[in-house]
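Novice: below are the sequence and a predicted model; questions follow.
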Amino acid sequence: MSEIRVRFAPSPTGKVHIGNIRAAIYNWLYARHTGGKFLLRVEDTDLERSTPEAIQTLFDCMEWLGLDYDEPVFYQTKNVARHLAYVEKLLADGRAYKMEKTSRDGKTGEVVMFRMPKEGVIAFDDVVKGHMEKKAEDVPDFAIVRSDGSPIFHLANVVDDIDQRVTHVIRGDDHVENTFKHIELFKALGAQPPVYGHLSMIVNAQGKPYSKRDGAAFVGEFREQGYLPEALFNYLLLLGWNPGDEREVLTREEMVQLFDIEKVHVTAAKFDIKKLQWMNGEYIRRAPKETYRAELLARLGAAGLTVPEGFDLDLLVDQLQVRTKFWNDIPGNCSYFFTEDYPFDEKVVEKRLKKPGVKELLLDLADRFEKLEPFTAVAGEEMVKGLSQGQGMGPWVHPIRVAVSGRGEGIGLFEMLQLLGRDRTVARLRRAVDSAGE
RNA sequence: GGCCCCUUCGUCUAUCGGCUAGGACAUCAGGUUCUCAUCCUGAGAAGAGGAGUUCGACUCUCCUAGGGGCUGCCA
């Protein structure tokens, strides 16, 4: 059997929809699993939308997700001469004919129509949907060249697949009906039709195709929101396929090894952002410390925050990694370590600081921390434990946390204090007294 | 309207005739704990409906209902 060749053939619009990229993921996995080739074809015939920027966006998305391709990018516009050459053949063979036609938007002119068979059945075995067949009479002739002489999708798509020697076409469910047309085109062009596999759609809670109205729908949006490409990849893969056991979080190697196009589900899958969010957190928690550390530094840098000399980054990573859901959360969750201009959550200030006795408490604690030796998380905890006399550290811990970080939650308090250091801890405790009640 | 496809917990799914229907997310309740998060334990939660085939149907067949796709000089 000859080499398996699959392709991802999007038309660049500046945004890459998750349903579309899932098709790319499945194609990529199929190629990697079978040792075949994964090709990228840019169907850039819509000159209005297929700008260099839109094409670059497509490349960026693919690179971000780690979808590498094995041959140079194939541009559909570069193959127009071939498309049209095939039309001549079809015309000569009587498989196509010219016809005066009026388009939906009122244009009238001469187009080239492809002649479908008028009897018999057209059938194919879809690797995901199973056997499909349709009476030829139910598939009408269709246009393949516009009145302006430009090739139409069906023609261009099929000719390009022939030229790229594509063996398996794995694409969206919305192309199922086209397949009956395409198979006849392949045959009329003297080529063997590829094997087809049609992927169900990703739908919203109402069961309608998932669109931007339903939330983040484009790859770029997930990236901007701090999702990990690995998490999005894994989640999208699971939306319609599973390894057959109870594993869900898979390494790329496992995916490649286990992926089976025949086990891809026929039914539409509802997009569940909650599960993606969970998976993203899962990937962040599982990430190597060095990865987290690098991301932390990058995110802080991007937020204009600098890490002072001698700051115990490892401790911060230990504490923060498990609490991070999105990369974007990082600066907000730890900015108070790197600037004195950190925000105070008014609600918790109200609850924890503006209470009778808190002022005295904070001043007392400031004095005690000033003298604490050594100034470490362990020592700090010992001290507060001693003060609480086994009654629970809550009354001490909460005001301190709010005073030094401005927030009601976050990393372990004593680790927080150690990271801040004695001077800043004491200063912040005293400063917070101003907003504390009597 | 016509043609095609689909139907297991709220969601993603396991099951390829033997099921006390399993897992994950979400939800709820506990535990750990200085908060939050993590982690651990537990709970509730499903086979669209109806016929048939069979010793036995979630699994096979048919019908009904519901949902989706397509029906362009868009891709």
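Specialist: Looks like it arrived, so ask away.

Novice: C-alpha from now on. contacts and neighbour counts both.
Specialist: OK.

Novice: from the chain's centre, how far out does stretch A:173-181 sit?
Specialist: Mean-position distance between stretch A:173-181 and its chain equals 26 Å (Cα atoms, centre = their mean, to the nearest Å).

Novice: what about it and RNA strand B, touching?
Specialist: Yes - interface with RNA strand B: stretch A:173-181 contributes A:173, A:174, A:175, A:176, A:177, A:178 (Cα under 7 Å from any atom of the strand).

Novice: in helices only, show me those.
Specialist: A:176, A:177, A:178 (DSSP state H).

Novice: closest to RNA strand B out of the residues you listed?
Specialist: residue A:177 (4.8 Å; Cα to the nearest atom of the strand).

Novice: the closest one: neighbouring residues, count only.
Specialist: Applying other Cα atoms under 10 Å, we find 11 residues neighbouring residue A:177.

Novice: which residues does it contact?
Specialist: By Cα atoms under 8 Å, 6 or more residues apart in numbering, the contact set of residue A:177 is empty.

Novice: repeat the analysis, applying 10 Å as the threshold.
Specialist: A:134, A:139 (Cα atoms under 10 Å, 6 or more residues apart in numbering).

Novice: all the strands of the stretch 101-250 of chain A, residue numbers only.
Specialist: A:108-114, A:121-126, A:130-135, A:142-145, A:168-172, A:195-199, A:202-203 (DSSP state E, counting those that start in this stretch).

Novice: among these, which comes closest to RNA strand B?
Specialist: Closest among the strands of the stretch 101-250 of chain A, once you apply Cα to the nearest atom of the strand, is strand A:108-114, at 3.3 Å.

Novice: now check the closest one, is it near RNA strand B?
Specialist: Yes - against RNA strand B, strand A:108-114 shows contacts by Cα under 7 Å from any atom of the strand at A:108, A:109, A:110, A:111.

Novice: most neighbours among those residues, which one is it?
Specialist: Going by other Cα under 10 Å, residue A:111 tops the residues of strand A:108-114 next to RNA strand B with 23 neighbours.

Novice: doesn't residue A:91 make contact with it?
Specialist: No - here residue A:111 lies out of contact with residue A:91, judged by Cα atoms under 10 Å, at a distance of 11.9 Å.

Novice: can you check which residues contact both of these two?
Specialist: Residues within reach of residue A:111 and of residue A:91 at once, by Cα under 10 Å, 6+ apart, are A:97, A:98.

Novice: show me where pLDDT drops low in chain A?
Specialist: A:1, A:436-438 (pLDDT under 70).

Novice: and it, what are its domains?
Specialist: Using automatic domain parsing, the domains assigned to chain A come out as A:1-72+A:200-286, A:288-332, A:346-435.

Novice: in a markdown table: these, plus mean neighbour count and distance to RNA strand B.
Specialist: Supplementary listing: the domains of chain A in a markdown table, determined by neighbours: other Cα atoms under 10 Å; distance: least, Cα to the nearest atom of the strand, whole Å:
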| stretch | mean neighbour count | distance to RNA strand B |
| --- | --- | --- |
| domain A:1-72+A:200-286 | 18 | 3 |
| domain A:288-332 | 15 | 4 |
| domain A:346-435 | 18 | 3 |
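
Novice: how about TSV for these, with distance to residue A:187 added?
Specialist: Shown next, in TSV, are those (distance: least, Cα to Cα, whole Å):
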stretch	distance to residue A:187
domain A:1-72+A:200-286	19
domain A:288-332	50
domain A:346-435	65
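
Novice: and these: which comes nearest residue A:85?
Specialist: Closest to residue A:85 of these, according to Cα to Cα: domain A:1-72+A:200-286, at 17.0 Å.

Novice: now the closest one, how far from the chain's geometric center?
Specialist: Centroid separation for domain A:1-72+A:200-286 versus its chain: 7 Å, with Cα atoms, centre = their mean.
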